[in-house]
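Enquirer: Turn this into a model:
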Amino acid sequence: MKAKISITVFLFCSIVSIFLTSFYHIPEKTQGYKIKTITLDAGHGGKDPGTLGKQFKEKDIALAITLKLGTMISEKFPNIKVVYTRKTDEFIELDERANICNRNKSDLFICIHCNAAENKKLVGTETYTMGLHKSESNLLVARRENAVILKEDNYQKKYGGYDPNSPISHIMFNLYQSAHLEQSLAFASHVEHCFGKEGIGRESRGVKQAGFLVLWRTNAPSVLIETGFLSNIEEEKYLGSEKGQQEIAKAIFKAFCKYKEEVEQE
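Expert: Here you go, the predicted model:
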């Protein structure tokens, strides 16, 4: 019975998602459009360390990369307002991260994270947009990143009864990001390209979709970037190094430049 219900919900949500994507299709930017504000979100923080490596914590690496990225954008494009969800080691609830993006009427939301897996040999980057899970591994990543809400007060009421361990919950709320899916996928593709062999030479695991709470309520094209696996010893060393963080930030910055040129019409 539970299997039948899950299949029914999945099919229903898939149909509605396709409909919404078509109905809320965002046309190409009109002439004169400029990106004015971008929100950068360093994952985790404070009492939530995120993924733990042998030496480094996800929250620290995410913040270091985010601050470097923000500096690059501000220096190159002084007319763009760069907003940070956090600039220090503090705990910011997931819904507030989206609220910060929305209050500032941001044109793009970039969330920085580090990955982890039971298979210690896995390496590489992944960039996610909001959407249906295409594989069990995508679901596991979303579950891990969303589990932070368990540290928040009254999370069930705040997130409409969302259960981070329920596949149905993940399927249901992905519908809300359909309006910005095209732009989100475009930016995500640029990010992975700049990470890959033609960029800084990282192992790109590609653009993926999954149900992330932090992307759910943002009223802008949004991506969550998994910059590498802290569960892999060698990759952890790279992510924790000044060189690695600088290279990753620069790759994301180059992706932003390409995306900016693409969506802005002179």
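Enquirer: any idea how far K76 lies from R202?
Expert: Distance, K76 to R202, using CB to CB, to the nearest Å: 22 Å. To be clear about C-beta, it is placed using only N, CA and C from the backbone, and glycine gets the same treatment.
Enquirer: Give me the more crowded residue out of those two.
Expert: R202 (22 against 12; other CB atoms under 10 Å).
Enquirer: what sits against the closest residue to that one other than its chain neighbours?
Expert: By the measure of CB to CB, 6 or more residues apart in numbering, the closest residue to R202 outside its immediate chain neighbours is F195, 4.5 Å from it. F195 is in contact with 125, 127, 202, 204, 248, 251, counting by CB atoms under 8 Å, 6 or more residues apart in numbering.
Enquirer: Recalculate using a threshold of 10 Å.
Expert: By CB atoms under 10 Å, 6 or more residues apart in numbering, F195 lies in contact with 124-127, 201-206, 225, 227-228, 247-248, 251-252, 254-255.
Enquirer: how near is it to G53?
Expert: Relative to G53, F195 is positioned 19 Å away (CB to CB).
Enquirer: Can you flag the buried ones in the contacts of F195?
Expert: Among those, those classed as buried by 16 or more other CB atoms under 10 Å are 124-127, 202, 204-205, 225, 227-228, 247-248, 251-252, 254-255.
Enquirer: Report pLDDT for the nearest residue to C257 once chain neighbours are set aside.
Expert: Nearest residue to C257, sequence neighbours excluded (CB to CB, 6+ apart): K76, at 7.5 Å. Among the per-residue scores, K76 shows a pLDDT of 98.
Enquirer: from memory K76 sits against L69, does it?
Expert: No - K76 lies out of contact with L69 (CB atoms under 10 Å); the separation is 11.0 Å.
Enquirer: Could you name every residue contacting both of these two?
Expert: Taking CB under 10 Å, 6+ apart as the criterion, K76 and L69 both touch 253, 256.
Enquirer: can you map out the helices along this protein?
Expert: Secondary structure of the chain (DSSP state H): helices located at 2-23, 58-76, 94-103, 136-146, 155-158, 167-173, 181-195, 213-216, 233-240, 242-263.
Enquirer: Output the below-cut-off pLDDT ranges for the stretch 151-266 of the chain.
Expert: 151-179, 265-266 (pLDDT under 70).
Enquirer: Go again with 50.
Expert: Scanning the stretch 151-266 of the chain with the threshold set as pLDDT under 50 gives 174, 177.
Enquirer: ok, for K57, nearest residue in space, not its chain neighbours?
Expert: P49 is the one closest to K57 (CB to CB, 6+ apart), at 4.5 Å.
Enquirer: Same check on I233?
Expert: Residue nearest to I233 in three dimensions, not counting chain neighbours: K54, with 6.5 Å by CB to CB, 6+ apart.
Enquirer: Tell me the pLDDT of that neighbour.
Expert: Here the pLDDT value assigned to K54 is 96.
Enquirer: which residues touch it?
Expert: 230-231, 233, 236-237, 240.
Enquirer: With distance to E93 and neighbour count as new columns, can the residues you listed be given to me in CSV?
Expert: Below are these laid out as CSV (distance: CB to CB, whole Å; neighbours: other CB atoms under 10 Å):
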residue, distance to E93, neighbour count
L230, 23, 24
S231, 26, 21
I233, 32, 12
E236, 27, 23
K237, 31, 14
G240, 26, 20
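Enquirer: of all those, which comes closest to A220?
Expert: Among the contacts of K54, L230 lies closest to A220 (CB to CB), at 27.9 Å.
Enquirer: roughly how far apart are that closest one and I252?
Expert: Between L230 and I252 the distance is 18 Å, computed by CB to CB.
Enquirer: swap in G46?
Expert: Separation of G46 from I252 (CB to CB): 23 Å.
Enquirer: go on, N104?
Expert: With distances taken as CB to CB, N104 is found 19 Å from I252.
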